[in-house]
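1. build me a structure from this.
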Amino acid sequence: MDKSIYTYALIKSLYDQGEDYIDSFWPFAIKAFPADRFLDSASIQRNLKKKFDLEMPLHVLGTILNRAKRRHYLKQEEKRYKLTGKGLEYRDTLETDKEVARRINALLEDMTQFFNERNKPLSRGEIGDLLVCFLHANIEPLIEFINPSALLRELAIRKLEAHGNLVIEYIQLAEQQKPENYRTLQEMLLGCVISATLYSKEPSDMTEITIRKFEPSQVFLDTNFVFFILGLHTPEFNVPAKELLRLLKNRGFDLKVFSFTVDEMCRVVNGYLTQAHRYPITISVDTLYSSLKRQGWTRTKTREFIANIEGILLENGIQIVWAADIDLKNYMPPNEELRNLIAKYKPFQDLLPQNHDLAAIEKIKKIRKRPVRRIEDSKVFFLTADARLSRFDFIEMGHKENGTICEVILDRLLTNILWLKDPSTKLRLESIIAAYSRDLFIKRRIWDRFYEVLRRLRQEGKVDDENISTLFYHGYIEDALRGFDDWEADEITSDFVLAEIEEAAKFKEEMLETKIREKEEQFLQQLKEAVSIKEQQKEREWLERIQKIKASLRESAQGQARRQSTLYAFVLTLLVLGIIYVIYLLSKQVGLVDFLTLLLPVILGGSGILGLWTKFRTYLERRLVTGIYIHKLREVKLDEGQRE
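-> Residues are numbered from 1 along each chain as shown. Sure thing, here's the model as predicted:
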């Protein structure tokens, strides 16, 4: 796979020398020619694939060849092309780009040494495979967005298997200590993104992507993405989310969140209080609760977060849009069949989060009012890090078939689109690390199954604290469980756990055991004591009480905002009428009756004073309600009395 790595780095290098994305590719076409004969487009296409592992659709290739012909590098006879003398000279200068090749070789050599030092010896070719797999995970959603019919197979992120954590570890090390190798990796990423433009339906789309700008757009954030930008998850997810948030703010996007998404966030965070004991602090599980546990969240911190979430969102520049018509507990989608369809993509999703996802899609549809075919004209998106939700929306809501823009947009897809529109933007490798990171954590469903089996064995006296501690040696159980997918939970049996304990005991180190038992004292203790149903009910009742108080305050704020906005709009209207009357008195060019005849349609017309008054009052109400609501929350001080 070394040629793909070389190709991506060279694409970026050639783009820097050209005027647009097409200029990144015609030099490859030149290099695909023999010295002395004509070739047709199909032969050139095959040579590009063989020499550079570069897929180039024929309709795009034709445009690229024509650009090379205009530069007098090619001549054409009927449908066949041949290098000119100028083209031969140019091909020789590009035959081996020594600087690009040198940097690629230096990168692969350093990565080989890095893997060897960690007792994971891989060949250059195997490391190349890992890098190409890593890069392709980033662009496959982009390719399908550019041309939904371009890929014949179902898109799926391929796993990096056991070495994925080392690839990410190397990238993080390179950014801090190996700037030249990090720059090479970054150029490979950017070249890979540029290569996705080859799948444009029309060659003109390759240049138009930089010309068309976004209309003023609203971006509604999904629950998971908000958790990331607030730093509640691991750096692998938090860093790229914050980077995308910065890009969106710089480009003037309005960042918003539905009120029912805020409710969903509170429900999820509140669940931490009864679920935290299930997660050790030395093991990474793909769930918010594991991250909060390792960040040291307490009951006090959890309840303070829930009480103050509205203010926290506003401090981060995120506006809350109230959706009084959505109650997640009782939500019914307009088409009940959507439940069965989304379950194909998210088979283990509970009812409330499913209601949230379906309600968000429906809300975006209503705001758009009609289907759109260009992302720049969409005006509103639902931004998520959930690839399965994005996939459901793309296929089952008819967007793939109809060529329309999805309500849901994947975070890394939007990042790539923003970079293509403005290549001067710095695109960090962290933007694609998250695409693979989920495969580097234990799936929550797998860990929960393991925990229940382990707890039962502990209660039955078949294992003790010393046995359990052995599982944490050198991340032993983390490596053992990481390879399981959600649907393989039934394979986590008592026999499996006992066998892993026996195997882990072979690596026992007394000093390490003592340290682990100290760190995991709470986890080991609570294996013996499950959280009671009464405690769980108590936490749910607390959240329901807080939500009722907030709903009441929100309703009160809405009424107060309506009254104030009506008063302000009325005063402004009187001022406008007064100004008009003064102008009438000064002019004295029309009679009073004529003046009133002219003024009446101005007042009553849809775009006249009455219409403007209504729009202004509505605008004021929207602006006032949030501030009044936050003020009322602060007066009530919901977080008081929640100290541990």
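2. work out the gap between stretch 31-49 and the centre of the chain.
-> Remark: stretch 31-49 is offset 40 Å from the chain centroid, using CA atoms, centre = their mean, to the nearest Å.
3. next one: stretch 168-186
-> With CA atoms, centre = their mean as the basis, stretch 168-186 stands 22 Å off its chain's centre.
4. residue 205 touches residue 146, doesn't it?
-> Yes - contact criterion CB atoms under 8 Å: residue 205 and residue 146 qualify, at 7.5 Å. The way it works is simple: take the backbone N, C-alpha and C, and place the C-beta from them, glycine included.
5. got the end-to-end distance for stretch 200-220?
-> Using CA to CA, to the nearest Å, one end of stretch 200-220 lies 28 Å from the other.
6. offset the numbering so it begins at 719, please.
-> Right, with 719 as the first residue, what we last looked at is stretch 918-938.
7. ok so residue 837 is a strand residue?
-> No - counting by DSSP: H, G, I helix; E, B strand; the rest coil, residue 837 falls outside a strand, being coil.
8. in this structure residue 1280 contacts residue 1339, no?
-> Yes - counting by CB under 8 Å, residue 1280 touches residue 1339, with 5.6 Å between them.
9. more crowded one of those two?
-> Neighbours per residue, other CB atoms under 10 Å: of residue 1280 and residue 1339, the larger number sits with residue 1339, 19 against 16.
10. so that one, which of the three states?
-> With three-state DSSP as the criterion, residue 1339 reads helix.
11. quick one: it and residue 1028, what's the gap?
-> Using CB to CB, to the nearest Å, we find residue 1339 at a distance of 17 Å from residue 1028.
12. do the same with residue 941
-> 15 Å.
13. more crowded one of these two?
-> When residue 941 and residue 1028 are compared for neighbours, residue 941 comes out ahead with 26 against 20, by other CB under 10 Å.
14. any idea of the pLDDT on the more buried one?
-> Reported pLDDT at residue 941 in the predicted model: 97.
15. where do the strands sit along the chain?
-> Secondary structure of the chain by DSSP state E: the strands cover 757-758, 792-795, 798-801, 936-939, 972-976, 1003-1004, 1037-1039, 1098-1102, 1126-1128, 1160-1161.
16. among those strands, which comes closest to residue 1204?
-> With CB to CB, the closest approach to residue 1204 among the strands of the chain belongs to strand 1160-1161: 5.3 Å.
17. so which elements touch the closest one?
-> With contacts defined as 3 or more CB pairs under 8 Å, 6 or more residues apart in numbering; DSSP states H and E, the packing partners of strand 1160-1161 are strand 1003-1004, helix 1194-1200.
18. go through the ones you listed and find the least confident stretch.
-> Mean pLDDT, when computed for each of those, is lowest for helix 1194-1200, at a mean of 85.
19. could you check how far that helix is from the centre of its chain?
-> Centroid separation for helix 1194-1200 versus its chain: 26 Å, with CA atoms, centre = their mean.
20. repeat for stretch 961-980
-> Put simply, stretch 961-980 sits 12 Å off its chain's centre (CA atoms, centre = their mean).
21. ok so, going back, out of the strands of the chain, which is closest to residue 736?
-> Residue 736 sits nearest to strand 792-795 of all the strands of the chain, at 16.8 Å, using CB to CB.
22. how about low-confidence regions in the stretch 719-868 of the chain?
-> Within the stretch 719-868 of the chain, the segments meeting pLDDT under 70 span 719-720, 812-814, 867-868.
23. please enumerate the helices of it.
-> Here the stretch 719-868 of the chain has its helices, by DSSP state H, counting those that start in this stretch, at 720-735, 744-749, 759-770, 776-788, 803-812, 816-835, 842-864.
24. same deal with the stretch 869-1018 of the chain?
-> With DSSP H, counting those that start in this stretch as the criterion, the stretch 869-1018 of the chain has helices at 882-895, 897-913, 922-929, 941-947, 953-968, 977-993, 1006-1012, 1017-1033.
25. wait, residue 1265 sits on residue 982?
-> No - using CB under 8 Å, residue 1265 makes no contact with residue 982, being 11.4 Å away.
26. more neighbours: which of those two?
-> Neighbours per residue (other CB under 10 Å) separate residue 1265 from residue 982, with residue 982 holding more: 23 against 16.
27. show me what contacts that one?
-> Taking CB atoms under 8 Å, 6 or more residues apart in numbering, we find residue 982 in contact with 941, 1046, 1070-1071, 1074.
28. same thing but 7 Å
-> Residues in contact with residue 982, defined by CB atoms under 7 Å, 6 or more residues apart in numbering, are 941, 1046, 1071, 1074.
29. quick one: which of these is most hemmed in?
-> In the contacts of residue 982, the most neighbours by other CB under 10 Å go to residue 941, 26 neighbours.
30. that one and residue 979 touch, don't they?
-> Yes - contact criterion CB atoms under 7 Å: residue 941 and residue 979 qualify, at 5.7 Å.
31. leaving out chain neighbours, which residue sits closest to residue 888?
-> In this structure, residue 888 finds its nearest non-sequential neighbour in residue 832, 5.3 Å apart by CB to CB, 6 or more residues apart in numbering.
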